[in-house]
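Undergrad: the following comprises the amino acid sequence and a computationally predicted model.
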Amino acid sequence: MLRFFIITCLVWSVSPDTAPRECHTFTKLSIHSAITGTSLKVRLLLYTDNFTCAEILESPFPGSFNATKKTAFIIHGYRPTGSQPVWLSELVEGLIRVEDINVIVVDWNRGATNVVYSVASAHTWRVAEILKETIDQMLVSGASLDNIYMIGVSLGAHIAGFVGQMYDGKLGRITGLDPAGPLFSGKPRNERLDHTDAQFVDVIHSDTDLLGFKESLGNIDFYPNGGLDQPGCPQTIFSGFEYFKCDHQRSVFLYLSSLKKDCDIIAYPCESYRDYLNGKCISCGDDQLMPCPVLGYYADQWKNYSMLKDPPVTKAFFDTTSEKPFCRPRCHMAPDPESQGSDCGVPRLPMISAHKLPAWKTAMPSTPPLPTFHPPVASQILCYNY
């Protein structure tokens, strides 16, 4: 009798409200699945306060989901081997640590996993339709399109663009991380990501000569190292699969670096990488009217400046190191006729006058201030570790 009483008490104490919730994980498939092919199935993995435990997001929404918060969707791309993206867990953790938001991983591994790229690509519009159905339910629950942030990698960038088109560009923000080039390059804007798909669209291009998209797609398009041949990545096919994915994935790791805030990766608006190398972009706008944009999570601080242009699109270039956090010192030449070149390991820059080094400071609500630049004093070379 006593044992029955104890068991009853234990069962009663673990009510649905207090019982540990079940943790779901990304769908893991194998190369066998890629060879045989997979049918499309979309699972939405919700992370709130715990970045190690996901719930399935479906209607009715779980109690842990606060629709009034900012919600970030992470959308992966083509999965030729069926594995989980190596960067996924780190990205979820980084977003939750930097801001109190909902993070939703769009797991469409069943559909993205196929040895034939075109088969996976054909599913992108349907994935976008499924996401719209979920966002519609979120809006009924009190969400705002202003607070919807989509982060799309490769094919995922175009999926994010399709969702944005379905809402006439009213989504808060889309970040495209090396949007897929094959089967999308040369397409009209309604068949790919475009700067009109959200209130602000920022894009990082890191593999424009193979798997990525070369042309600009966003309000601001970042081209690390000119958008190709990333430092530290294999240069020959003899390196195996790493040769194909390293440059392509670098966009994600650059974005991750911005979440850790070890340093700011500063980019320079310019017409071309050649102009950047020739030092024509250092001032970031004459007379201190415009700051240099910051790559990654805080790129939206530059939104108001990008909208001053017609059309509101900007290309920005910068160089990186081969290792995390990828920030590379940038040297400004002081006006000394005897100064020739730089020993800071960056391209030689032409001399620029002191007034062209902007001294500005900008702060946005709920986000860190953009870096402050100061004009040179007595030194001939000023190196900034951005």
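TA: That came through, no problem. Numbers count the residues shown, from 1 in each chain.
Undergrad: now the strands for this protein?
TA: Remark: strands assigned in the chain by DSSP state E are 41-47, 55-56, 71-75, 102-108, 148-153, 173-177, 201-204, 220-224, 268-269, 314-318, 330-333, 381-384.
Undergrad: neighbours of the residue nearest to residue 323 when sequence neighbours are not counted, just the number please.
TA: Spatial nearest neighbour of residue 323, excluding adjacent residues (CB to CB, 6 or more residues apart in numbering): residue 232 at 6.5 Å. Any C-beta I mention is one placed from the backbone N, CA and C, and that applies to glycine too. Neighbour count for residue 232, taken as other CB atoms under 10 Å: 13.
Undergrad: go on, residue 141?
TA: Using other CB under 10 Å: residue 141 sits among 13 other residues.
Undergrad: can you give me the pLDDT of the residue nearest to it when sequence neighbours are not counted?
TA: Of all residues not flanking residue 141 in the chain, residue 67 sits nearest, at 3.9 Å (CB to CB, 6+ apart). In this model, residue 67 is scored at 96, pLDDT.
Undergrad: list the contacts of residue 67.
TA: By CB atoms under 8 Å, 6 or more residues apart in numbering, the contact set of residue 67 is 61, 138, 141, 142, 143.
Undergrad: one more time with 10 Å
TA: By CB atoms under 10 Å, 6 or more residues apart in numbering, residue 67 lies in contact with 61, 102, 137, 138, 139, 140, 141, 142, 143, 144, 147.
Undergrad: most neighbours among those residues, which one?
TA: Busiest of the contacts of residue 67 [other CB under 10 Å] is residue 102, holding 26 neighbours.
Undergrad: measure that one to residue 46 for me?
TA: 7 Å (CB to CB, to the nearest Å).
Undergrad: again, but for residue 215
TA: Residue 215 is 34 Å from residue 46, by CB to CB.
Undergrad: out of the two, which sits in the busier spot?
TA: Counted by other CB under 10 Å, residue 215 and residue 46 do not tie: residue 46 has more neighbours, with 20 against 13.
Undergrad: list the contacts for that one?
TA: 24, 53-58, 61-62, 64-65, 71, 102-105.
Undergrad: so residue 290 is in contact with residue 308, correct?
TA: Yes - proximity of residue 290 to residue 308 meets the contact threshold set by CB atoms under 10 Å, at 7.9 Å.
Undergrad: which residues are in contact with each of those two?
TA: residue 314.
Undergrad: name the residue in the two with the higher neighbour count.
TA: residue 290 (19 against 11).
Undergrad: next, count neighbours for the residue nearest to that one when sequence neighbours are not counted.
TA: Nearest residue to residue 290 in three dimensions, chain neighbours excluded: residue 305, at 5.2 Å (CB to CB, 6+ apart). By the criterion of other CB under 10 Å, residue 305 has 21 neighbours.
Undergrad: any idea of the pLDDT on residue 305?
TA: For residue 305, the model assigns a pLDDT of 89.
Undergrad: is it correct that it is in contact with residue 294?
TA: No - at 11.5 Å, residue 305 does not count as touching residue 294 under the criterion of CB under 10 Å.
Undergrad: hmm, which helix or strand of this structure has the shakiest average pLDDT?
TA: Ranked by mean pLDDT, DSSP states H and E, the weakest helix or strand in the chain is strand 381-384, scoring a mean of 30.
Undergrad: any regions of the chain where pLDDT drops low?
TA: 1-20, 282-283, 285-289, 329-386 (pLDDT under 70).
Undergrad: at 80 instead, please
TA: Across the chain, residues meeting the criterion (pLDDT under 80) sit at 1-21, 236, 238-243, 262, 282-290, 328-386.
Undergrad: show me the helices in it, by range?
TA: 2-13, 31-36, 88-98, 109-112, 117-121, 124-140, 155-166, 241-260, 273-277, 303-306 (DSSP state H).
Undergrad: which of those helices sits closest to residue 187?
TA: Distance to residue 187, taken as CB to CB, is lowest for helix 155-166 among these, at 9.1 Å.
Undergrad: kind regards, and thank you for your time.
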